[in-house]
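Student: Can you look at this prediction? I've put the sequence above it.
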Amino acid sequence: MSARTLPLLFLNLGGEMLYILDQRLRAQSIPGEKARKVMNDIITTMFNKKFMEELFKPQELYSKKALRTVYDRLAHASIMRLNQASMDKLYDLMTMAFKYQVLLCPRPKDILLVTFNHLDAIKDFVHDSPGILNQVDETFRQLIETYSCLSAGEFQLIRQTLLIFFQDMHIRVSIFLKDKVQNSNGRFVLPISGPVPWGTEVPGLIRMFNRNGDEVKRTEFTTDGNYVTPQREGSFELYGDRVLKLGTNMYSISRPVETHMSGSSKNVASHAKENIAPNPLAKEELNFLARLLGGLEIKEPAGSETGFRLNLFTTDDEEEHAALTRPEELSYKVINIEATQEPARRAELSRILGELEVAEPRPAGAGKGEDLLALMDGL
């Protein structure tokens, strides 16, 4: 398991979330000013400086439940509200889209290009807000600084860690089914044609060498796929042509998107199901995560502002039906975050957060970059 996976997982899933919300805001004809406020508020919270600093520390991935709670908090960082069924659908779409992108990356390193595609699109959402743009650019620079020096083997470990995280998720998505890149059991169809990874050759030739390293024979063979050599490598700089299209906005052309539980998802649900027994420490861990996400209370509309509910389904009836038919074990019961609601608890967590900001010498035996959740265990 790679300790450098969490920033890539968080940013790519966040990018997919913003694509979906943007599409639904347009589909529901939400007034432009309100829609911009929602997108700006969420992006500002997502790229909160303190949270990004913690996110980029080497650490293990959060549990699925903790990560889902962070996105639930993030989606409600503005005046928009989502019902449980719509939040479930949003998270399903986010995770399946990024899983597909990870599976189709030509090289493990190209996961970074997928991330850059998401950040490029996020910058387009806030192109008229210089302050928020600077936040996103700062994260861009952190990504380049952190990942540009990693070897191919380290990127392969990151890719493997992501695939392990996604391995039990087989939600059917209508866009993927219509494009014939997903089977009815929720598993993706991997192409056997198209560009080969940058730096490799089109298959079809076997070279044989003697013990001195001299080529002595060539044999050609035919392949079932129609492979081509890529014209150029995608840019890993702050600005540039990424070449790779994975991670770009597939909702830019409006079309309805549905999700369905596949048979395999229902069968593995008991395997994927996490311990339902309440864990007092886990609740505090999630509260701490929420504070790192900008320390925001769920915003209530102020003054003349009016909040609104966003529906990820075509009708309210569809949303209600989805809530009733979703298997219990696959529906995330998000824990209510109370850190901003109880003064005593808020003061205590503020004290903890203040202590964490003090630059104290690390114990000699301390591992590098403890998990954010593990920080709570040591207090």
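Tutor: Ah, there it is.

Student: Whichever strand or helix holds residue 144: which residues count as buried?
Tutor: If you go by DSSP states H and E, residue 144 is part of helix 130-147. For helix 130-147, the neighbour count (16 or more other CB atoms under 10 Å) marks 132, 133, 135, 136, 139, 140, 143, 147 as buried. C-beta coordinates here come from the backbone N, C-alpha and C atoms, glycine included.

Student: repeat for stretch 25-33
Tutor: So stretch 25-33, judged by 16+ other CB under 10 Å, has buried residues 25, 27, 30.

Student: Kindly report the same for stretch 146-165.
Tutor: Buried-residue list, stretch 146-165, by 16+ other CB under 10 Å: 147, 150, 155, 157, 158, 159, 161, 162, 165.

Student: Give the closest residue to the first one in space, chain neighbours not counted.
Tutor: Distances taken as CB to CB, 6 or more residues apart in numbering put residue 112 closest to residue 147, at 5.4 Å, once the chain neighbours are dropped.

Student: Got phi/psi on residue 80?
Tutor: phi -90, psi 150 (degrees, to the nearest 10).

Student: Tell me the confidence at the closest residue in space to it that isn't next to it in sequence?
Tutor: Leaving out its chain neighbours, the residue that sits closest to residue 80 by CB to CB, 6+ apart is residue 38, at 4.8 Å. Looking at residue 38, its pLDDT stands at 91.

Student: thought residue 38 was touching residue 81?
Tutor: No. The pair residue 38 / residue 81 is not scored as a contact, 10.4 Å apart, by CB atoms under 8 Å.

Student: one step back: report the buried residues of the helix or strand hosting the residue nearest to residue 147.
Tutor: Assigned by DSSP H and E, residue 112 belongs to helix 111-125. Neighbour counts over helix 111-125 (16+ other CB under 10 Å) mark 111-123, 125 as buried.

Student: Run through the residues that contact the nearest residue to residue 123 once chain neighbours are set aside.
Tutor: Leaving aside its sequence neighbours, residue 123 sits nearest to residue 136 (CB to CB, 6+ apart; 5.3 Å). Going by CB atoms under 8 Å, 6 or more residues apart in numbering, residue 136 touches 43, 47, 119, 122, 123, 126.

Student: pLDDT wise, what is the fifth one at?
Tutor: Predicted confidence (pLDDT) at residue 123: the value is 95.
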